[in-house]
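J.: model the structure of this input:
(2 chains)
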Amino acid sequence: QKEVEQNSGPLSVPEGAIASLNCTYSDRGSQSFFWYRQYSGKSPELIMFIYSNGDKEDGRFTAQLNKASQYVSLLIRDSQPSDSATYLCAVNIPQAGTALIFGKGTTLSVSS
Amino acid sequence: DAGVIQSPRHEVTEMGQEVTLRCKPISGHDYLFWYRQTMMRGLELLIYFNNNVPIDDSGMPEDRFSAKMPNASFSTLKIQPSEPRDSAVYFCASSSYQTRDTEAFFGQGTRLTVV
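T.: As a prediction, the model looks like this:
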């Protein structure tokens, strides 16, 4: 049974702080990892992807991957109220093309 | 491109009725996915197609659910008969298998309510 686990939250941080979101996955064969953001009532949209161990930075966002620990994280620096949303971790299904399995998401609330 | 287009955006139906959800993927994409999202279960993969061929339907919850992709620009998800527990947001997504980094683009979703 392939699984992606996330802490549902809510995770509350003050404006300007660093938000840290975590995700673990069960299938060691997975090679690609994605973070999607979903605002209430909207569809998921891609923030970042990562497939190599280590860190990947894009603006205020940093994705971290540790395949040995089967662990993926997303750091959001200088958090803004507009970052308040649900963040979904997604992992590719091996031998399934681009099919993804999603975690249930972590709800982030940034207070001004 | 207008993105992935789903219709209808909202559907309210009575238990026992047939429901058909529609999806138009992004032109040129060769993968199409149907997901269902609920508070309890999150975003679940129901079925996906590659080049119009169903590849894996193991996520389809029951035989009441069926999906087709008659051509590269159209797919349907049908529920017959519908039940209240089918109430959820159904998303269609598409992608292009060029690199392992490729993202899935989601439609706006269809919010289904079965009463």
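J.: show me what contacts B:M69?
T.: B:L32, B:F49, B:N52, B:V53, B:P54, B:S75, B:T76 (CB atoms under 8 Å, 6 or more residues apart in numbering or on different chains). Bear in mind the C-beta positions are built from the backbone N, C-alpha and C, glycine included.
J.: going by secondary structure, the second one is in what exactly?
T.: Assignment of secondary structure by DSSP states H and E places B:F49 within strand B:42-50.
J.: so the closest residue to chain B within chain A is in which element?
T.: Residue nearest to chain B within chain A: A:K104 (3.4 Å; CB to the nearest CB). Using DSSP H and E, A:K104 sits in no helix or strand.
J.: my guess is it contacts B:G42, does it?
T.: Yes - counting by CB atoms under 8 Å, A:K104 does reach B:G42; the two are 3.4 Å apart.
J.: overlap in contacts of the two?
T.: Common neighbours of A:K104 and B:G42 (CB under 8 Å, 6+ apart) are A:L88.
J.: skipping its backbone neighbours, what lies nearest A:L21 in space?
T.: A:L74 (4.4 Å; CB to CB, 6 or more residues apart in numbering or on different chains).
J.: can you pull up the most central residue in chain B?
T.: Centroid-nearest residue in chain B: B:W34, 3.0 Å away (criterion: CA atoms, centre = their mean).
J.: what about it, distance to chain A?
T.: 11 Å (CB to the nearest CB, to the nearest Å).
J.: if we ignore the residues flanking it in sequence, what's nearest that residue?
T.: Nearest to B:W34 is B:L46, by CB to CB, 6+ apart, at 4.5 Å.
J.: count the residues that sit near residue 95.
T.: By default, I'm working from chain A. A:Q95: 7 surrounding residues under other CB atoms under 10 Å in any protein chain shown.
J.: not quite, go with chain B.
T.: Neighbours of B:S95 (other CB under 10 Å): 22.
J.: follow-up on the earlier one: which strands and helices lie in contact with the helix or strand harbouring the residue nearest to A:L21?
T.: Using DSSP H and E, A:L74 sits within strand A:71-76. Applying 3 or more CB pairs under 8 Å, 6 or more residues apart in numbering or on different chains; DSSP states H and E, we find strand A:71-76 packed against strand A:19-25, strand A:33-38, strand A:45-50, strand A:61-66, strand A:85-92.
J.: using PDB, write out every CA atom in stretch B:38-52.
T.: Only the C-alpha atoms of stretch B:38-52 are listed here, as PDB (Å, rounded to 0.1, in the frame of the first residue of the first chain):
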ATOM      1  CA  THR B  38     -12.800  14.600   0.400                       C
ATOM      2  CA  MET B  39     -12.000  15.900   3.900                       C
ATOM      3  CA  MET B  40     -11.600  12.400   5.200                       C
ATOM      4  CA  ARG B  41      -9.600  10.800   2.500                       C
ATOM      5  CA  GLY B  42      -7.800  13.700   0.900                       C
ATOM      6  CA  LEU B  43      -7.000  13.600  -2.900                       C
ATOM      7  CA  GLU B  44      -7.400  10.000  -4.200                       C
ATOM      8  CA  LEU B  45      -6.400   8.800  -7.600                       C
ATOM      9  CA  LEU B  46      -9.300   7.000  -9.200                       C
ATOM     10  CA  ILE B  47      -8.100   6.100 -12.700                       C
ATOM     11  CA  TYR B  48      -5.600   7.400 -15.200                       C
ATOM     12  CA  PHE B  49      -5.200   7.100 -19.000                       C
ATOM     13  CA  ASN B  50      -2.100   7.200 -21.200                       C
ATOM     14  CA  ASN B  51      -2.800   8.000 -24.900                       C
ATOM     15  CA  ASN B  52      -6.500   7.500 -24.300                       C
END
